[in-house]
Structure formats: structure tokens, C-alpha cells
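**Student:** Pasted the sequence and its predicted model underneath.
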2 protein chains.
Amino acid sequence: MRTSDVFDLLRDGRPRTRAQLAESTGLARSTIAARVDVLMRLGLVAPYGDARSTGGRPPSLFALNPSVRVVAGVDVGATHAVAVLTDLSGEVLAESRAGLDIASGPVEVLGWVTATVGELLVRAGRPASDLAAIGIGLPGPVEHSTGRPINPPIMPGWDRYDVPGHVQRTYPVPVLIDNDVNIMALGEQQTHLRDVDDLVFIKVATGIGAGIISNGMLQRGAQGTAGDLGHVRVLRGAGVICRCGNEGCLEAVAAGPALAARLREAGAEASSTQDVVDLVRGGDLAALQEIRQAGRDIGEVVATMVNLINPSVVVIGGRLADAGEHLLAGIREVVYRRSLPLATESLRVVASRAGVEAGVRGAASMAITHVLSPEAIEAASANVG
Amino acid sequence: MRTSDVFDLLRDGRPRTRAQLAESTGLARSTIAARVDVLMRLGLVAPYGDARSTGGRPPSLFALNPSVRVVAGVDVGATHAVAVLTDLSGEVLAESRAGLDIASGPVEVLGWVTATVGELLVRAGRPASDLAAIGIGLPGPVEHSTGRPINPPIMPGWDRYDVPGHVQRTYPVPVLIDNDVNIMALGEQQTHLRDVDDLVFIKVATGIGAGIISNGMLQRGAQGTAGDLGHVRVLRGAGVICRCGNEGCLEAVAAGPALAARLREAGAEASSTQDVVDLVRGGDLAALQEIRQAGRDIGEVVATMVNLINPSVVVIGGRLADAGEHLLAGIREVVYRRSLPLATESLRVVASRAGVEAGVRGAASMAITHVLSPEAIEAASANVG
DNA sequence: CAACTTTCGCCGGGCACTCGACAAAAGTGG
DNA sequence: CCACTTTTGTCGAGTGCCCGGCGAAAGTTG
């Protein structure tokens, strides 16, 4: 029974007495006292006032102290980036956004990242030594174990760049990198689906991608490219050539640029994904029909995913999902018709709740998970013990 | 550093000296000696002769002793069943097959299972006390954690039946249940792809299903129905109604019965999946074209799987795969055209090598993994001390 | 055959960990 | 205000585990 096991019980944030911890672990009270002492000296656990007395001395409560340390979460998109500083419970302490072209290369982008993290630390009134880890999401395939982007299509100059190494020159802390869609999946799970172990997050924007959490773990696949549903063929794609060179890709039919193009053909003014969203919100009938149909097209692929992966929740996010319930309705329509009854009987298809925050939240969550992992706790407590 | 950590080093079957184990673990030689002693008293490890001397007393070698105990692997199909007894390395000691209708219900089928396991033990000259675990594959969705079938379409009377409980009345050992396709995936991994952590196994026979191993672990999904690709819609399925009630399912187009039906329409004599295989083997041109096209249809869905799951190997098995390379060729044709370059650059699409043995091998492998798990080793060594 | 080398099995010491006890602290209830 | 209850922190004892040393065993080399 290790120190991290005691800490695991406190990770949910609920306060507990020593006696309760002893009860849960089966260890003696004195042993628990020693463990709690170590965790308190590490600052990870803090007193939480006293519980009500039952006739004798009132027991003191302890709980996870989320504010001992902070982590940074960064979500780098194609044209803009968001960074947050959170405490260990994921509570956002400071936030910063900027227009930022990923194509300007790793040196410039990561320069912004380190500068912004520094600024966030100052704004939150925290010394750099309080920073425990940094999580970063990038818009392309990433080899998570090394933190290097692999052949990213829209990230010139980033191929196999040592992102953690670069950032660690400024902040010598663990730096974790993942795909932007993966961290959005983590973000949704962390914000409102903590007990969900099998979740698929679908991002619908300029491109279409998915983050897959199966068995409580992110599924990255052999090369870290899992979840690419943008280039799956769909029925309505017959004759449509995608930028990848193939015919009938979902992305060429149902992503933002495709919708905008079709609306332009119909005479509407729509040059960007955002324009499509605005038209839908404005009640434009053609736009509404288009987005509903896009939902059906995406639903076709999601139905396949449901059959193949059998998640318990599918979360729909990305900028096109901000246009109200229409996209979701189209997806639901097809999924519940096409997927197997057994797989859909307890399936929920829901809209993103974390919204634009999903990415940074997930990036921070990834960092927190690393910092509070049993291994990290053991290593830290060995230095204090 | 636990006893199971020392055992883990020996699990690959390669013999080692105490000094090598001490080197690998960082423990003192005397500690290693104690650990090895425990493992030897458990019978899990046995002397393996002496290594060559380097000028002094030759060190003695130790290796996993696969023959201390045995496990049973059972693959129950719709109309027949196979059972094997293997040692802990997966080596088959005895085998038995029988025609057996799954629809005759759990009591009859499991009666055959227990009787056959008993017979195999006798044939291998092993007492029942040598049996360490039983792995069973069933042709339908199974809740692995409880071993109960869940709404299985072709298994009347089996719904939520307590399979492990029934078997344990005869053999009081761990009984592990899984989907037949999942155990075939395990079987392929165990027989010739041991270092592959991301593998998809596709079974093409009367139905079409997939077993997904991702990150080294079987992915079962929220309800244990993951890998159902038979009811994914394909292009060529337009207008074809599947037995599930939907239109355009892969299974309604590319599985054995569909091929047989189309060949019959063309005037050939083909009533079963086996007949189709025979025609192809006989060089029948129409059958050859049909199976190649079936490969393309399946390839369409496999291409989607490759994009979504990003495996490093796709294995094609099932009875239709026995008809030579034609099915595989059709699948490869579409997969390498439709999947993303990054996902296919190191992807291998190969034929099953374990063949009809895959299921039982996988079932045995599942049992072995359980028996040799660190938890099981720790528990066992605590009793020997 | 003798000297040397390397491994083996055993044993005692030391270290760290955990437990239970005990007295002090901090409340409650009459 | 006093007796009683319950928790807290400390401390010594017991225990189990791991290490290193030692003599014996089993080879090699000259």
C-alpha cells in the first residue's frame, strides 16, 4: 500500500478524515497519519477544517489542495491559439488568446507559448516554480510518446520537431503533446463526463476529426493518426474530389468549406465556416438545410464508428456545431437508424459543453493527469518521506 | 520490486542466469535467488541446464516452465466447436472438434465443453488439478467482465446466462469468456505477431466481424459490441436489404450467403459459404470475380477502420479467406487507395496464419494471460513465501 | 593436479515500514 | 465545571525484506 494509494482516494476532491482513509485502505491510523503528513508536506493535501464532533474530539478533514501547483494548457489551432493556467482541479486561473499562424513555424509559435505561459503566471500571481507541467494540443498528427509532429499537413516546418525539448529550455517541466482533437475529447470528458470511459469526440470545422477514448484511455493508434474520419467515403460524396486527391471524402462534403461553397453556388455570401454558422443562426433556410444534411453525412460515418468502437457517448463539437442543434439532429437521425440496436440502446449523442474551452481544458487535464499519476506521487514523496 | 517483476523477465521463455536477472532488476543476487526459489517451488520456473563457463563455475540457467500447468481454450461456433489443451507457452497438447449447434442452449453446449475438457486432460495424461484456467469464445456479444452473453442474435437461451458459473461447477478455475472474433484476434497476435500492439482481425464467413487490439489490449467498447463491421453501409449495397432490416449492410453484400445467392442467380450450384470457397478454388471465373468484389466491398470498410483506428496490421481470416489470395487482393486494392498515406505507409494487410486454429489459440492465450498476470503471480507466491 | 575464477547457498545485520499503545488535546453533555 | 468520548501525535517494538559477506562447490587453465 503506497502513498499514492492514499492520495488516489483524495483525488476526487472530497474531504476525508484519517479514520475514513484508514477504513478504506485497511492501514492502521498511525500509518495513515504518516502518509497524510507526507502529502501535506508536499502541499498536495491540505486541512479542510474539522468535521462535526460525535461526542468527542472532532476529527480533522483533509482534501486535495488544488492550488499548490499550477499547470498550463495550450490549444494551438491553425490560425489562433488559446492558453490557460489552471490549478490541479482544472479550475482556470488565467487565460489568453491570440491570432497565431501555425504555418509561421515552431520557433515563432512556441515562442508565443512560452511567453504567454509566463504572462499567465504573472497574471495569476504565481512564481514559475509553481508550474508543474504543460500540455499542448497541435492541429495535426503527433507522436505522443516523443511529442513530435509526424508529417503534419498544415504545419510546415514542424515535421518531427522536438516540441517538448524546445519548451523545456524555458520551463524545465514535463511537456505533453497531443493532437488537438484528442485533447478536446479529454476536455469534454473532464468537464462533464468524468465517469464516462468510452467516449468519442467529433470536431466539425474546417476539417473533421475524432478523438477516441476507449476503456478510459485515449486511443492514438500505431502512428498516432487514429480518429481520422474526415477522409472516409460517404454516399453523397460520389463525384466530389477532396483535397486529399480521393473521391467522396466526408470532409469534401460536410466540412465548413464545402458548405460555404455550396451556399455560394446558391447565391449566398459565405466565404468561411464562420459565415455558414452565421447564416444558420440568422435562420437562412438554405444554410439550415445544408447543415442538417451535413449532419446526416457525418452521421453516416459516426454510425460506422459506433458499430466499430461502441462508445457510450458521442460528443459533437467544433465550430460548425456552434450553429445550434441542426447538425446534431442530422447526426442523431442517421446514427439511431443505422447503428446496431445493442450499440445505440444506451448511447448518447450530445453537443459539446466545453465548447471553445474544450481544447485547453483537455490540454490542462492531460498535464494534471501526468502530475498526479501514482508514479509521480511516489517519486515526489520519496524526496520528502 | 515484486516476485512478478522477476517472472516478467522470464515470461518470454528465454533462459537466464541469476546474475542476468539481478542485472536487469537492480536487485542483489541473494534477493534474486530467493525470488527464483519461490518461482521454482511454484513450478513456474525450472532449471534449464548450465550456461558455458567463463573460467569459473558455470552459472545455471532458469526459464519459464510451460508444462507445470495447462489451460483449456474453447472456440464455440454456430454449428461446431473446437477445444484444445495447451501448456503455458500456448503449445497444443490435445485437441478435439465436434459438430455442435449453439442453438441447443447453454446446458447442452457447456456440457460438451466440460466433458471435452475432461477428455483432453485424460488424453494429455494430466490430472484435473493441473488445469489453471479456461478461455471460451462464443459467437455473439459478451460482457467480458461477467462472462454473460448479451442479446446474442444466434444464441437462443443464452441471454445473460452465467457461463463461468456453470463451467466452474465442474472446474473451479478462472473461466474467461469473450466474443469469438476477439479471441481470433488474440490467436493471430499470439501465434505470429507477438510484438504487434495495434492489430485488427477481420473474420469473413457467414457474418463479418472484427476484433480490435489497440495499445496491446482488446478493445471491447462500452457494451462489448465493438468491432461490428458487418452492418456498416457500403456503396454497392444500395437497394440491398440486410437481415438486420437496414439497407446496404456490408454483410448483405459481401458475406458468404450473399455470394452464394448471387452465384446461384448466375446458374451455379452454391448453397453455402463452403460451396463458394470450393467454386473459387476450382477456378470458377464468376466465383472468382464475386470474391474479389467482396474483397473490395470489405476493403471499403477496412479502409475506414484503418483511418479511424490506425492499426499496424490487419489480418483477414474466416472461412471465405480460405479461398486463396483473391479476397485479400480486393481488400488491399481498396485499402491502399482509400486510406490515408500516413496510416498505410507502415500498414500490413495479411492473411490469417492461424486459420481455424486462431480461435482456440486465442481462447487459450486469454486464459494464459490471466494465469500469468502479475496479480496472479503475486497471489500465488504469497502462499509459498 | 594445483591455482584461479566464478557461482551457489546460507546466514547475520541493518533498514524501513507498519502496528498498537499511550498520553495529551479538543470537544460534548449533564 | 467535571466526567466522558473521540481524535491526535509520538514513540517503542516487532517484523519482514533486502543486502552483503563467507565458505563451499564447480568449473577452467597451465
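**Tutor:** Received it, and whenever you're ready, just let me know what you need. Residues are numbered from 1 along each chain as shown, chains lettered A, B, ... in the order given.
**Student:** wait, isn't residue A:288 in contact with residue A:329?
**Tutor:** No. At 10.5 Å, residue A:288 does not count as touching residue A:329 under the criterion of Cβ atoms under 8 Å. Bear in mind the C-beta positions are built from the backbone N, C-alpha and C, glycine included.
**Student:** Now the common contact residues for these two.
**Tutor:** With contacts defined as Cβ atoms under 8 Å, 6 or more residues apart in numbering or on different chains, no residue is shared by residue A:288 and residue A:329.
**Student:** Residue ranges of each domain in chain A, please.
**Tutor:** A:3-65, A:70-173+A:359-374, A:193-353 (automatic domain parsing).
**Student:** Which one of the ones you listed lies nearest to DNA strand D?
**Tutor:** DNA strand D lies closest, by Cβ to the nearest atom of the strand, to one member of the domains of chain A: domain A:3-65, at 1.7 Å.
**Student:** Just give me how far that closest one sits from the chain centre.
**Tutor:** Distance of domain A:3-65 from the chain centroid (Cα atoms, centre = their mean, to the nearest Å) equals 30 Å.
**Student:** Next up, the contacts around the residue of the stretch 51-200 of chain A found nearest DNA strand C.
**Tutor:** Nearest to DNA strand C in the stretch 51-200 of chain A, going by Cβ to the nearest atom of the strand, is residue A:57, at a distance of 3.2 Å. If a contact means Cβ under 8 Å, 6+ apart, then residue A:57 has no contacts.
**Student:** On the three-state scheme, it is what?
**Tutor:** coil (DSSP: H, G, I helix; E, B strand; the rest coil).
**Student:** Equivalent analysis for residue A:96, please.
**Tutor:** Going by three-state DSSP: residue A:96 is strand.
**Student:** Just give the number of residues close to it.
**Tutor:** Using other Cβ atoms under 10 Å in any protein chain shown, residue A:96 is surrounded by 18 other residues.
**Student:** Where do the helices of the stretch 101-250 of chain A begin and end?
**Tutor:** For the stretch 101-250 of chain A, the helices defined by DSSP state H, counting those that start in this stretch occupy A:106-123, A:163-170, A:180-192, A:250-254.
**Student:** Tell me which residues of the helix ranked longest in chain A come out buried.
**Tutor:** When chain A is parsed with DSSP state H, its longest helix is helix A:285-309. Of the residues in helix A:285-309, A:287-288, A:290-309 count as buried by neighbour count, 16 or more other Cβ atoms under 10 Å in any protein chain shown.
**Student:** between that helix and helix B:285-309, how big is the angle?
**Tutor:** Going by axes from the mean of the first three to the mean of the last three Cα atoms, to 10 degrees, helix A:285-309 is angled at 100 degrees with respect to helix B:285-309.
**Student:** So is helix A:285-309 next to chain B?
**Tutor:** Yes. Helix A:285-309 comes into contact with chain B (Cβ under 8 Å from any Cβ of the partner chain), by way of A:300-301, A:303-305, A:307-309.
**Student:** What residues does the stretch 1-150 of chain A have near chain B?
**Tutor:** Applying Cβ under 8 Å from any Cβ, one finds that the stretch 1-150 of chain A approaches chain B through A:141, A:150.
**Student:** Give the residue spans of the stretch 1-150 of chain A that score low on pLDDT.
**Tutor:** A:1 (pLDDT under 70).
**Student:** got the angle between the helix or strand just after the longest helix of chain A and helix A:285-309?
**Tutor:** Using DSSP states H and E, the helix or strand that follows helix A:285-309 in sequence is strand A:313-317. Angle, strand A:313-317 to helix A:285-309, by the same axes, to 10 degrees: 150 degrees.
**Student:** what does strand A:313-317 contact?
**Tutor:** Outside strand A:313-317, the residues touching it (Cβ under 8 Å, 6+ apart) are A:184-185, A:188, A:193, A:196, A:198-204, A:302, A:305-306, A:327-328, A:331, A:335, A:347-352, A:354-355, A:358.
**Student:** mind redoing it with 6 Å?
**Tutor:** Residues outside strand A:313-317 that contact it (Cβ atoms under 6 Å, 6 or more residues apart in numbering or on different chains) are A:188, A:196, A:199-203, A:328, A:348-352, A:358.
**Student:** ok, now stretch A:277-293?
**Tutor:** With contacts defined as Cβ under 6 Å, 6+ apart, stretch A:277-293 is touched by A:259, A:262-263, A:266, A:322-323, A:326-327, A:330.
**Student:** What's the ChimeraX line that selects buried ones from the residues you listed?
**Tutor:** One line in ChimeraX is enough to select the buried ones among the contacts of stretch A:277-293; burial here means 16+ other Cβ under 10 Å:
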select /A:259,262,263,322,323,326,327,330
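**Student:** out of the contacts of stretch A:277-293, who's nearest DNA strand C?
**Tutor:** Checking the contacts of stretch A:277-293 one by one against DNA strand C (Cβ to the nearest atom of the strand), the nearest turns out to be residue A:322, at 51.2 Å.
**Student:** per-residue pLDDT, that closest one?
**Tutor:** We have a pLDDT of 85 for residue A:322.
**Student:** And it, how far from chain B?
**Tutor:** To chain B, residue A:322 is 25 Å away according to Cβ to the nearest Cβ, to the nearest Å.
**Student:** ok, and the closest non-adjacent residue to that residue?
**Tutor:** Closest residue to residue A:322 in three dimensions, ignoring its sequence neighbours and counting by Cβ to Cβ, 6 or more residues apart in numbering or on different chains: residue A:277, at 5.7 Å.
**Student:** buried ones in the helix or strand hosting the one you found?
**Tutor:** According to DSSP H and E, residue A:277 maps onto helix A:273-281. Buried residues in helix A:273-281, counted by 16+ other Cβ under 10 Å: A:273-277, A:279-280.
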